[in-house]
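> Here's a sequence, model it:
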Amino acid sequence: MTARHILVVDDEIGIRELLRDILEDEGYHVHLAENAAEARHSRQQMRPDLVLLDIWMPDCDGVTLLKEWGNGGLLTMPVVMMSGHATIDTAVEATRIGAFDFLEKPIALQKLLKTVGAALRHGEQQPRQTLHLMSLGKSAPIVDLRQRLEQAARLNTPLLLVGPRGCGMELCAKSLHKDGTPWLVLDHFEKLVSAPLELLEQVQEGVLFIPEVAELNRLEQKGLLLLAQKTDRYDVRLVCATARALPQLVADGQFDDNLLQVIGSATVRVPALNEHKEDIPELAQTLVAHASETGTVPYRDFDTAALNALRNAPWPGGLAELEGAVKRLALTTLADTIGLGDVERLLQEYTGLEPESSAVAAPSAGLPISLDQPMREARDDFERLYFEHHIAKAGGNMSKVAEAVGLERTHLYRKLKQLGIQKAGN
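Below you'll find the predicted structure:
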């Protein structure tokens, strides 16, 4: 059997090295990280079979890192927390977030080996990394999207997701799905006509997702209407998505108005990737980590200029197009790090687009705003970036934003309107 990989995260060098020596003597491959930043980097590059994670570290505590991995879809391996002075509440909180177990320092040898063995056996049943709604980013439009989906999750009605192709609507639908319940993506519609109630039985207590509801013909629409009216009986959450203007299809006689009224009782708009371009650098890194973990491509880092060029490029195909581009970059770069030249070549050959960044603009290539514009426009760009950062940081809470930026709320709203920024809740 292949040796298991264990990541040990602890800021005390003596403990790190002691654990490494013990575990290597047992035949495990051991990687060491002295803080959360190193642990994040290691997790991006590979999926360890187990993480031993110290709770108290100087840059970021272990519980916060555990929560970060869970929210980002990276908690796909067992994590055992370690601490010499944690409270019971801390241990309970870590377990609630997803930790497998807790070890109290100083750690007894037999207790360590027994816990490691049990955690590794448990890890064999865990899924590999999957993209998650948190993967879409942390910008104001995505924070607003998450809040609206959380609100929709508390309802029992069908949900209609509206947005351009490639915006991540399946990830949004997945956010309403509970672990251990059925999940069905319906892209063949015969059963809507022949046996709609069988579909409800198949996905009882789970989520039924239709990626493009506008593709249904009139008979299939009639079957979906019958199904939608009986979801309560089977405790099924129906989520439909569309990139089409359904009211116009109704006006043209191509879509059933009664069906639209039922499935559109709760509607959430999903922003296009080009509406939250500030998320693209982090999203590109997440996509390459996901692809490398599934064995599709080798892992590659990006340099700052490359990420800036990806962010500045248009992505009419949305998330799917960006994902394809990231995979191609990882497969075709000649270096360990994807650079600006790699992105420029891809944009010219793969999409036929010229990157907005260039050798002439190299001094400002890492900046999130262009310096090659009049000062007034550059100032507006900076202020827009500044306020979007604080809105995202405050989770859309405008009272917290006003306090953080030092503006009275009336003045803040006037400024956001002037900059064309939609405040949370609109």
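> now the stretch 201-350 of the chain, which segments are flagged as low pLDDT?
Under the criterion of pLDDT under 70, the regions of the stretch 201-350 of the chain flagged as low confidence span 295, 350.
> That one: helices as residue ranges?
Assignment of helices within the stretch 201-350 of the chain using DSSP state H, counting those that start in this stretch yields the ranges 218-228, 231-234, 246-251, 257-263, 280-293, 304-312, 318-332, 340-349.
> which of the residues in the third one are buried?
By neighbour count, with 16 or more other CB atoms under 10 Å as the criterion, the buried positions of helix 246-251 are 246, 249, 250. Backbone N, C-alpha and C define where each C-beta goes, glycine included.
> mind listing what the second one touches?
With contacts defined as CB atoms under 8 Å, 6 or more residues apart in numbering, residue 249 is in contact with 214, 255.
> gap between it and residue 99?
Shown here: residue 249 relative to residue 99, a distance of 49 Å by CB to CB, to the nearest Å.
> Check the first one too.
Spatial separation of residue 246 from residue 99 under the definition CB to CB is 44 Å.
> now residue 59
Between residue 59 and residue 99 the computed distance is 19 Å (CB to CB).
> between the two, which one's more packed in?
It is residue 99, of residue 59 and residue 99, that has more neighbours when counted by other CB atoms under 10 Å, with 24 against 13.
> any idea which element the more buried one lies in?
Element membership for residue 99 (DSSP states H and E) is empty, with no helix or strand holding it.
> Let's verify residue 403: helix, strand, or coil?
On the three-state scheme (DSSP: H, G, I helix; E, B strand; the rest coil), residue 403 is labelled helix.
> next one: the one 10 residues further on
Using three-state DSSP, the structure places residue 413 in helix.
> Check whether residue 330 really touches residue 289, as I assumed.
No: the pair residue 330 and residue 289 does not pass the contact test of CB atoms under 8 Å, sitting 10.1 Å apart.
> which residues do those two both contact?
Contact criterion CB under 8 Å, 6+ apart; residues shared by residue 330 and residue 289: residue 299.
> got the buried residues for the strand or helix carrying residue 118?
Secondary structure assignment for residue 118, by DSSP H and E: helix 109-123. Of the residues in helix 109-123, those with enough neighbours to count as buried (16+ other CB under 10 Å) are 112, 115, 116, 119, 120, 123.
> Now do that helix: which elements does it pack against?
Of the remaining helices and strands, those touching helix 109-123 by 3 or more CB pairs under 8 Å, 6 or more residues apart in numbering; DSSP states H and E are helix 13-25, strand 50-54, strand 79-83, strand 101-104.
> domain parsing for this structure?
Structurally, the chain divides into domains by automatic domain parsing as follows: 5-123, 134-271, 276-364, 375-419.
> So for the residue nearest the centre of the chain, what's the pLDDT?
Nearest to the centroid of the C-alpha atoms of the chain, with distances taken as CA atoms, centre = their mean, sits residue 135, at 1.5 Å. According to the predicted model, the pLDDT of residue 135 comes to 74.
> give me the number of residues near the residue lying closest to it once chain neighbours are set aside?
On the basis of CB to CB, 6 or more residues apart in numbering, the spatially nearest residue to residue 135 that is not a chain neighbour turns out to be residue 286, at 5.0 Å. A count of neighbours around residue 286, defined by other CB under 10 Å, yields 24.
> One more: residue 398?
Burial measure for residue 398: 17 neighbouring residues, criterion other CB under 10 Å.
> ok, now the one 10 residues further on?
Counted with other CB under 10 Å, residues neighbouring residue 408 total 9.
> That one: what's it in contact with?
residue 402.
> at 10 Å what do you get?
Residue 408 sits next to 402, 414 when contact means CB atoms under 10 Å, 6 or more residues apart in numbering.
> for the stretch 101-250 of the chain, what spans make up the strands?
With strands called from DSSP state E, counting those that start in this stretch, the stretch 101-250 of the chain shows them at 101-104, 159-162, 183-185, 207-210, 237-242.
> okay, the angle between the longest one and helix 218-228?
Looking back up the chat, that one is strand 237-242. For strand 237-242 against helix 218-228, the angle between stretch directions is 150 degrees (axes from the mean of the first three to the mean of the last three CA atoms, to 10 degrees).
> Strand 237-242 - which strands sit beside it in the sheet, and in what orientation?
For strand 237-242, the paired strands and their directions (DSSP bridges) are strand 159-162 (parallel), strand 207-210 (parallel).
> cool, the first one as well?
Using DSSP bridges, strand 101-104 pairs in its sheet with strand 79-83 (parallel).
> just checking, what packs against the helix or strand just after the partner strand?
For strand 79-83, the succeeding helix or strand toward the C-terminus, using DSSP H and E, is helix 88-97. Contacts defined by 3 or more CB pairs under 10 Å, 6 or more residues apart in numbering; DSSP states H and E place helix 88-97 against helix 62-71, strand 79-83, strand 101-104.
> Name the residues of helix 88-97 that are buried.
Buried positions in helix 88-97, judged by neighbour count with 16+ other CB under 10 Å: 90, 91, 93, 94, 97.
> cool, stretch 203-218 as well?
Within stretch 203-218, the residues that qualify as buried by neighbour count (16+ other CB under 10 Å) are 203, 206, 207, 208, 209, 210, 211, 213, 214, 216.
> Between its first and last residues, how far does that stretch reach?
End-to-end span of stretch 203-218 (CA to CA, to the nearest Å): 23 Å.
> biggest helix in this protein by residues?
With DSSP state H setting the assignment, residue counts place helix 375-393 as the longest helix in the chain.
> Report all helices and strands that that helix contacts.
For helix 375-393, the helices and strands in contact under the criterion 3+ CB pairs under 10 Å, 6+ apart are helix 140-153, helix 398-405, helix 409-419.
> if you set the cut-off to 6 Å instead, what comes out?
Here helix 375-393 is seen to pack against helix 140-153, helix 398-405 when contacts are counted using 3 or more CB pairs under 6 Å, 6 or more residues apart in numbering; DSSP states H and E.
> how much space between residue 179 and residue 98?
Applying CB to CB, one obtains 11 Å for the distance of residue 179 from residue 98.
> And the two? Which one has more around it.
With other CB under 10 Å as the criterion, residue 179 and residue 98 differ in neighbour count, and residue 98 comes out ahead with 15 against 6.
> what pLDDT does that one get?
Confidence per residue is given as pLDDT, and for residue 98 that number is 87.
> ok, back up a step: where among the helices and strands packed on helix 88-97 is the average confidence lowest?
Lowest mean pLDDT within the helices and strands packed on helix 88-97: helix 62-71, a mean of 85.
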